[in-house]
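Enquirer: quick one, fold the following:
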Amino acid sequence: MPRRLSPLPALLPLLVGLSAQPVAAASPPAPAGLEACAKPAAGRYVLVGSGSHRGEPVAVLMQERWQADGRVEGVRFRRQGRRFSEERYSGRWQADPHCWATVERRAPSGSTASAVALDRQGRPRVSLVIAPDDVLSLRYVPQPDQACTLAGLDGLVTSQQQGQSWQAGRWQPNAVVQREWWQAGVVQGWAVSSYAGELQRAGYSGRLELGADCLGAMVQRDSLGTTYTYRVVVLANGGGYVYLQTDPDNLTLGLLQHQR
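Expert: Below you'll find the model as predicted:
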C-alpha cells in the first residue's frame, strides 16, 4: 500500500399562499412501481459506508445475516476518528408495506436503528442510520451463503479506496487506486495515491489471514517502508473483498474487484 493510506425520503407538503391563508398542496400519486416489492427473505450481506459522528469522520464495514423470522446477527468493524472498534451484535428487521424496512441492532456499545430501502425482490440496498449524532449511510452488497477461500482471490485485482488522513492536526482527504496480483493469500501490487493533492506511487506486498465466515485480517508493507493493517470481508462469490483500515492516522474504506 502507498504511504499514509487512509479518505427515508419524505414528501414535504408545499404551502401555497391563497388570500390570507396558506393551503397545503396535495402530493401526486406514487408511481405503481414505487411501492411494489417482494417480502424480504433470509440472506447474508456486506455493508459498507462512511459519514461523520459529532463532526468526526466515520467509516463502517459490516457483515450481517437477516433471518426469515426477523432476527438479525452480524459483526461490525468501525473507525471513528483515530479509534477502531470491533463487535458482534444482534437485533431485528421489520418491513412495512411500502418497501422500506427498519433494522434495530443491539451491541455492547449501545443500540442503533436504520431505515433501509428495499429493491423489487425485497433485498436491502441502502440504509441511513437514524441517530441525532450520526450522518451515516450504508450500502448493502449481497453475500452468497457459502464459504470463502483464499484461492478465490487468486489473479488480478483492481481497487479503489477513499478516505481521510490525519495530517498537520486535521483530517485531510485521500484517494488511492491499485492494481495487484494475488496467489494463495499473498499479494503484490502497485498503488497511485493522492493525499490532499500530493501524488505518490509505491509498490507493496502483504498477506491475508482468512478466518471463519469470510472475515479476515491483512498486513501490508509498501516500498517506502510503512506497514498497514486492515480488517477484511471477502466476497463469497469470488468477486474480491472489502476492507477497513485500522491504523489510527488513516481512515479508509476500500473495495477490491477481481478481474476475470
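
Enquirer: so where is the stretch 1-150 of the chain shaky, pLDDT-wise?
Expert: Scanning the stretch 1-150 of the chain for pLDDT under 70 picks out 1-29.

Enquirer: do a quick rundown of the strands in it.
Expert: Using DSSP state E, counting those that start in this stretch, the strands of the stretch 1-150 of the chain run over 15-18, 21-24, 43-53, 56-66, 71-80, 83-95, 100-107, 110-118, 124-129, 134-142.

Enquirer: can I get the ones you listed in JSON lines with distance to residue 195 and mean neighbour count?
Expert: Glycine gets a C-beta too; all of them are placed from N, C-alpha and C. Converted to JSON lines, the strands of the stretch 1-150 of the chain look like this (distance: least, C-beta to C-beta, whole Å; neighbours: other C-beta atoms under 10 Å):
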{"stretch": "strand 15-18", "distance to residue 195": "47", "mean neighbour count": "9"}
{"stretch": "strand 21-24", "distance to residue 195": "50", "mean neighbour count": "10"}
{"stretch": "strand 43-53", "distance to residue 195": "17", "mean neighbour count": "19"}
{"stretch": "strand 56-66", "distance to residue 195": "15", "mean neighbour count": "21"}
{"stretch": "strand 71-80", "distance to residue 195": "17", "mean neighbour count": "19"}
{"stretch": "strand 83-95", "distance to residue 195": "20", "mean neighbour count": "15"}
{"stretch": "strand 100-107", "distance to residue 195": "33", "mean neighbour count": "18"}
{"stretch": "strand 110-118", "distance to residue 195": "32", "mean neighbour count": "17"}
{"stretch": "strand 124-129", "distance to residue 195": "28", "mean neighbour count": "20"}
{"stretch": "strand 134-142", "distance to residue 195": "24", "mean neighbour count": "18"}
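
Enquirer: TSV for these, including distance to residue 155?
Expert: Converted to TSV, the strands of the stretch 1-150 of the chain look like this (distance: least, C-beta to C-beta, whole Å):
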stretch	distance to residue 155
strand 15-18	59
strand 21-24	58
strand 43-53	21
strand 56-66	23
strand 71-80	26
strand 83-95	29
strand 100-107	35
strand 110-118	34
strand 124-129	29
strand 134-142	20
